[in-house]
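Asks: how would this look folded up:
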Amino acid sequence: MKKVFIDGSEGTTGLRIFERFEKRDDIELLKIPSELRKDPAEIRKYINASDVTFLCLPDAAAREAVTYVENDRVILIDTSTAHRTETGWAYGYPELSAAHREAVRNGKRIAVPGCHATGFITLIYPLVASGVMPKDYPVSSFSLTGYSGGGKKMIAEYEGTERKAELDAPRQYGLSQMHKHLKEMKAVTGLERDPLFSPIVADYYSGMLVSVPLYADLLNGKPSPEEIHRLYESHFAGERFVKVMPFGAEAETGNFLGSNNCSGWDGIQIFVTGNQERILVSSRFDNLGKGASGAAIQCLNLVLGCDEVKGLNL
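Replies: Prediction:
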């Protein structure tokens, strides 16, 4: 039985990871007393007593926690932004390629992707890797998310009894084009330009819809929507967490794509829509599932050598 410690177990992601271990018989959770959860000496002790430690912390605290490791046995799975593009850290998206899966499976340091980044990279990585999208393509994207992605503070704002009226409508943010996920969105996909990225938070708890519009004539070979769809099917063939939806599936919901349809589910869906000139590719998932704690558990399963879907909802 592997010993697992969650550093930051009282945050949104940490709590969800903790909840997912309730029915597992292959994990012994090391539980730090609440009053000691910010004591560096105690944290150091628990990290080095574990086989696997999840870092569910702000970036600076995650970087500091790494310095506490004294036992070479300890595997770190970091859910923060701190190490996603750092040398020596595996990027925790196994479905991207065989190399990504092996890096996670054999890794001692694993960085879980960001939620917006997960949706974006799902769409862009196969296009760049196949050569269909030039690396200098001017990519733009928007992402609609539930308010749980903002953590405890934002959840409290939206669920408060006397909240501001502006919370009743969707709100765009990241207006400076300096969103913290942009670095990994560019680096992991191989793009040469930072994407133009517009995230939007709305009045629902969880679920995310990321979309990228494409001009067909700026893509190599000027592919049709059907050809893009087949490219995704080929790239993600056999993957259980990534589901390429049937071409034209959006018609079943009146040509609307809801952003909360995947709440509570740990996979991710891909839709290809548009026409011969302008193609829209979209990914839909739970920002707390494949976009956070679900992805972290999938990485743990790979590290432990058990079924990737163990303890997850597919």
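Asks: What number of residues are in the vicinity of the residue lying closest to residue 279 once chain neighbours are set aside?
Replies: Excluding the flanking residues, the one nearest residue 279 by CB to CB, 6 or more residues apart in numbering is residue 214, at 4.5 Å. To be clear about C-beta, it is placed using only N, CA and C from the backbone, and glycine gets the same treatment. For residue 214, the count of nearby residues is 25 (other CB atoms under 10 Å).
Asks: just use 26 as the starting number from now, easier for me
Replies: Fine by me, first position is 26 from now on; the one you just mentioned is residue 239.
Asks: Make sure residue 239 is indeed in a helix.
Replies: No: counting by DSSP: H, G, I helix; E, B strand; the rest coil, residue 239 is not part of a helix but strand.
Asks: in this protein, which spans are helices?
Replies: Remark: helices assigned in the chain by DSSP state H are 37-45, 65-74, 84-91, 123-130, 140-154, 176-184, 207-214, 250-260, 319-329.
Asks: re earlier: what separation is there between the residue nearest to residue 304 and residue 65?
Replies: From residue 239 across to residue 65, the span is 48 Å (CB to CB, to the nearest Å).
Asks: Equivalent analysis for residue 125, please.
Replies: In this view, residue 125 and residue 65 are 33 Å apart by CB to CB.
Asks: Which one's more surrounded, these two?
Replies: The neighbour comparison of residue 125 against residue 65 (other CB under 10 Å) goes to residue 125, with 17 against 11.
Asks: ok, that one - contacts?
Replies: 115, 116, 118, 119 (CB atoms under 8 Å, 6 or more residues apart in numbering).
Asks: of these, closest to residue 227?
Replies: residue 118 (25.1 Å; CB to CB).
Asks: Quick check: the gap between residue 274 and residue 292.
Replies: Applying CB to CB to residue 274 and residue 292 gives a distance of 15 Å.
Asks: For these two, indicate the residue with more neighbours.
Replies: Each of residue 274 and residue 292 has its neighbours counted (other CB under 10 Å); residue 292 has more, 20 against 14.
Asks: Residue 316 is in contact with the more buried one, correct?
Replies: No: Residue 292 is beyond contact range of residue 316, at 11.0 Å (criterion: CB atoms under 8 Å).
Asks: any residues in contact with both of these two?
Replies: Counting by CB under 8 Å, 6+ apart, the shared contacts of residue 292 and residue 316 are residue 310.
Asks: For residue 129, give its distance to residue 123.
Replies: In terms of CB to CB, residue 129 sits 11 Å off from residue 123.
Asks: Tell me which of these two has more neighbours.
Replies: residue 129 (24 against 8).
Asks: Quick check, that one in contact with residue 326.
Replies: No: judged on CB under 8 Å, residue 129 makes no contact with residue 326 at a distance of 9.7 Å.
Asks: mind checking how far the closest residue to residue 177 other than its chain neighbours is from residue 197?
Replies: Nearest non-adjacent residue to residue 177, counting by CB to CB, 6+ apart: residue 37, 6.1 Å away. Per CB to CB, residue 37 is found 22 Å from residue 197.
Asks: Neighbour count: those two, which is higher?
Replies: Shown here are residue 37 and residue 197; by other CB under 10 Å, residue 37 has more neighbours (23 against 11).
Asks: right, and the helices of the chain - which one's nearest residue 108?
Replies: helix 84-91 (7.1 Å).
Asks: model confidence over the closest one, on average?
Replies: For helix 84-91, mean pLDDT rounds to 97.
Asks: go on, stretch 126-145?
Replies: Averaging pLDDT along stretch 126-145 yields 98.
Asks: Report the buried residues of it.
Replies: 126, 128-130, 132, 134-145 (16 or more other CB atoms under 10 Å).
Asks: and that stretch, C-alpha only, in CSV?
Replies: Output in CSV follows, covering the C-alpha atoms of stretch 126-145 (Å, rounded to 0.1, in the frame of the first residue of the first chain):
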residue,chain,number,x,y,z
ARG,A,126,2.7,8.9,-21.2
GLU,A,127,6.1,7.3,-20.5
ALA,A,128,7.4,10.5,-18.9
VAL,A,129,4.5,10.4,-16.5
ARG,A,130,4.7,6.7,-15.8
ASN,A,131,8.5,6.9,-15.0
GLY,A,132,8.5,10.4,-13.6
LYS,A,133,9.6,11.5,-10.1
ARG,A,134,8.4,15.1,-10.8
ILE,A,135,5.0,15.5,-12.5
ALA,A,136,3.2,18.8,-13.3
VAL,A,137,-0.6,18.6,-13.7
PRO,A,138,-1.8,20.8,-16.6
GLY,A,139,-3.9,23.9,-16.0
CYS,A,140,-7.6,23.7,-16.7
HIS,A,141,-7.8,26.3,-19.5
ALA,A,142,-4.5,24.9,-20.8
THR,A,143,-5.9,21.3,-20.9
GLY,A,144,-8.7,22.4,-23.2
PHE,A,145,-6.5,24.5,-25.5
